[in-house]
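> Here is my input; please provide its structure:
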Amino acid sequence: MFFSQNPFITSAEVYNDEDFFDREHVLHAVDKFIKRRNDYNFLIFGQRRIGKTSTLKRIHKIYNSAPNIVLYYNLQGDAETTLPVLLSKIKTLINSNIQTNYEETDEINENEFLNNFLPELKQNLIQKQLILLFDEFDVLGERENITALKQTYSFHKFVDFIPNIIEKIKEKDVPLKLIFAIGRNYKDLDNERFGQVTKFGQQVEVTFFSKQIVFELLNQKKNGISFTTEAKEKLWQLSGGQPYFTQCLASYSYETAEDDEVNFITEDIVENSFLPTVKRYSSGVLWIWDTLIAVDKIILFLIAELTDNKIIVNNFSIKNIAEKKQLLPATKKLDETLTRLVNIKFLQEINTGQYVFKSDFFRKWVNTQINLHDLQKYFSNFDTEIKNLLTNARFYFNEEQNYTEALKYYQQILKFDSSNSDAQFYAAKCYVLKPFKKPEDYIKAFNLFLKSFNPSETNRNDFIKDFLVDFYKKNDEETIKNTQISDFFKQISSQHEFESSVFNSNFNLSFLKNLPDKKPNFEWDYKNNLQIKYKTNHQNSKVLLNQIILLIKDDFTLNNLVWNEGMITEKDNTFAEVLVLKNSNEIFLRVFGQNKKNILLLIDSKINTILNSLPNYFFEKLIPCNCIICSEAKNPNFYDFSDLKRRISKGKETVECKISYDDVNVRTLLQNYSEFI
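Alright, predicted model coming up:
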């Protein structure tokens, strides 16, 4: 028998007219987009292996004629290129098809692309319209595959850069339109970074074939071989209209008919071809499977097994089998997972709360190609998913200090694992640090801090204490009981720390609760001051200041010279200023007046009491320089006590001032501070 070319395509995009089926709704929408004057971008989305690339190639073939110039660009290899390099590649593609005078370079920065290249492009598009087709656009969203986050920008910057291009196209009236295809990672389709693109333009989904289209596709006849009506019906039932599954099963059935030298592909041939087809094209289906997050894979595996055992698939049966296989955590947000799988066309809900696979081909693939060992591996990927999200969250938190964006990733982590203490703490911190806070943000932060509390996390607890003091001062008693805040502070503090805090009802709480932000007017005499600076590992500035105030208020006159970062006190015709600057690990103490040495000793002893009472804390005392410049300076140079003592022990009599560069006598420096060592 003569072997003809198999009419069913399984390994490449469709380009020839006779091979292209359906997608009329997509092409119709694209046609209107291309003809509309004030439309600039268009989004095509859908699963992998569903025909997005074939659709883009079809658009290229149909519309790449005057007055349109259509250029296709696959972003597959550009996740780890910098944005200037990516923009240069796009410019090179355009230059190779449109003669411009723009110089070829390996890189082009954003400003140059927008303000030089695009206006010049307009000059070369007289009575023409350029249409750029970007395939695999969402590869730029795969942040988890990027290792050098700070240096590698195109993977997230290009997505954010698209609105700038669109605005420039509008401003300069450049005849340029952009069409994007996404779906390589279907989990990203609802992500806000793609919303930055879609909010400006139209979008359309490439989805499954209808039964009519499947029958039309199977009507292709080569060498006298054709499908019977029953065979078409069976193939439609097994593939569910998924284009790739339909082509694979049709192709294998066609080969079987050729081998058997028969002219009709019967229902039995399709049935017998089913399992061998699933095995042959397993790697292609795996490419689709890999778009799913771990929890989706687990739930689909469980549903495939339930279906194979002819058990009705609903919430109860899924949770029951998950418990037996020790996979119950995967069902934590089961309703949400099932809704997502229906929306992305892997499942369909046949009755309320009852589910089946959209494609029996895919179900059989899961049944035969994914085993329990693989499932356990996917389950372990929960940790991988969380690590990937943590990487992204830390990038925004630490590198860009974009706490609003970082918060989104921490919230996603908590959807996977609501007890993740890292995500709880940093999500709470994002609520505290992000701009435009709402009253409810303090509540959310408080609850998350409460959940994330770990006695051993000393540095974290410092931040929480600081937050609790701030929350207490701003708190409306109708919103949350003060006792909750107080109890939490007591839980994470030493006894002395609590007793000296705003939460101790024995002290004047209303006074501390309403400290002004602005420093009161006071004319300080900077001559003949005695000063000490305390350098600590303590970041909880508000708590420290409150403790100092409460500890010395009975011995000194405050005269309302108190604010959020410090106080000025008076005793025995001597004034003392204590500064605990926000977000600083330093305490400044200085005095002037008739009895300055005794007052300095008194306040120093109280600060020592506070700092020594804190567990896991250390501090270093520093004293000021007494050179000509520093002796009357507001901010003199300071020296470590310990360093000065070591100099004396080593016979080194001088130390250089970092301000005047004078050599200063060490013994003279220590003369007024010997009692503080």
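> okay, now L217: neighbour count?
Neighbourhood size, L217 [other C-beta atoms under 10 Å]: 21. C-beta here means a position set from N, CA and C on the backbone, and glycine is covered the same way.
> and it, what helix or strand is that in?
helix 211-218 (DSSP states H and E).
> Which elements pack onto that helix?
In terms of contacts (3 or more C-beta pairs under 8 Å, 6 or more residues apart in numbering; DSSP states H and E), helix 211-218 is packed against helix 229-239, helix 243-260.
> domains of this structure?
For the chain, automatic domain parsing gives the domain ranges 23-205, 211-280, 286-370, 530-676.
> Enumerate every residue touching H25.
V204 (C-beta atoms under 8 Å, 6 or more residues apart in numbering).
> Tell me the secondary structure at it.
helix (DSSP: H, G, I helix; E, B strand; the rest coil).
> Turn the helices and strands packed on helix 211-218 into a markdown table, columns for mean pLDDT, mean neighbour count and distance to R394.
Output for the helices and strands packed on helix 211-218, formatted as a markdown table (pLDDT from 0 to 100; neighbours: other C-beta atoms under 10 Å; distance: least, C-beta to C-beta, whole Å):
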| stretch | mean pLDDT | mean neighbour count | distance to R394 |
| --- | --- | --- | --- |
| helix 229-239 | 96 | 20 | 43 |
| helix 243-260 | 94 | 22 | 37 |
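> Now render the domains of the chain as a markdown table, adding distance to P439.
Output for the domains of the chain, formatted as a markdown table (distance: least, C-beta to C-beta, whole Å):
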| stretch | distance to P439 |
| --- | --- |
| domain 23-205 | 25 |
| domain 211-280 | 49 |
| domain 286-370 | 28 |
| domain 530-676 | 19 |
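> What about L579, how many residues nearby?
Neighbours around L579, by other C-beta under 10 Å: 19.
> That one and L669: what is the separation?
Distance of L579 to L669, computed by C-beta to C-beta, to the nearest Å: 22 Å.
> ok, which stretches of the stretch 451-600 of the chain are helices?
In the stretch 451-600 of the chain, the helices defined using DSSP state H, counting those that start in this stretch lie at 458-474, 482-492, 495-499, 509-513, 541-552, 596-613.
> weakest of the ones you listed in terms of mean pLDDT?
The weakest mean pLDDT among these belongs to helix 509-513, with a mean of 55.
> Which residues are in contact with L389?
Counted by C-beta under 8 Å, 6+ apart, L389 has contacts 409-410, 412-413, 416.
> Name the nearest residue to K211, ignoring sequence neighbours.
Excluding its sequence neighbours, the residue lying closest to K211 (C-beta to C-beta, 6 or more residues apart in numbering) is W236, at 5.4 Å.
> Quick check, the one you found in contact with I213.
No. Proximity of W236 to I213 does not meet the contact threshold set by C-beta atoms under 8 Å, at 9.9 Å.
> returning to what we had before: okay if I get the helices of the stretch 451-600 of the chain as CSV plus distance to K358 and mean neighbour count?
Shown next, in CSV, are the helices of the stretch 451-600 of the chain (distance: least, C-beta to C-beta, whole Å; neighbours: other C-beta atoms under 10 Å):
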stretch, distance to K358, mean neighbour count
helix 458-474, 46, 19
helix 482-492, 48, 16
helix 495-499, 59, 16
helix 509-513, 60, 15
helix 541-552, 57, 23
helix 596-613, 65, 18
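> start to end distance for stretch 393-407?
7 Å (C-alpha to C-alpha, to the nearest Å).
> I'd like the average pLDDT over it.
For stretch 393-407, mean pLDDT is 87.
> quick one: contacts of stretch 362-371?
240, 242, 245, 274-275, 278-279, 282, 285-286, 288-289, 297, 300-301, 303-305, 307-308, 346, 357.
> Could I get the CA-only coordinates of it as CSV?
Output of stretch 362-371 as CSV, limited to C-alpha atoms (Å, rounded to 0.1, in the frame of the first residue of the first chain):
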residue,chain,number,x,y,z
PHE,A,362,-5.7,13.8,29.8
ARG,A,363,-7.3,11.8,32.6
LYS,A,364,-5.8,8.6,31.1
TRP,A,365,-2.4,10.2,30.8
VAL,A,366,-2.5,11.1,34.5
ASN,A,367,-3.6,7.6,35.4
THR,A,368,-0.9,5.9,33.4
GLN,A,369,2.0,8.3,33.5
ILE,A,370,1.9,9.8,37.0
ASN,A,371,2.5,7.3,39.8
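> so how far is that stretch from its chain's centroid?
32 Å (C-alpha atoms, centre = their mean, to the nearest Å).
> What residues sit buried inside that stretch?
362-367, 370 (16 or more other C-beta atoms under 10 Å).
> what does stretch 25-38 give?
Those would be 26-27, 30, 33-34, for stretch 25-38 by 16+ other C-beta under 10 Å.
> Now for S631, how many residues are close by?
14.
> Return the residues in contact with it.
Contacts of S631 (C-beta under 8 Å, 6+ apart): 527, 625.
> tell me the SS of it?
Per three-state DSSP, S631 ends up helix.
> State the distance from K279 to E271.
In terms of C-beta to C-beta, K279 sits 15 Å off from E271.
> if we can go back for a sec, let me know which of the domains of the chain is the nearest to T458.
domain 530-676 (4.8 Å; C-beta to C-beta).
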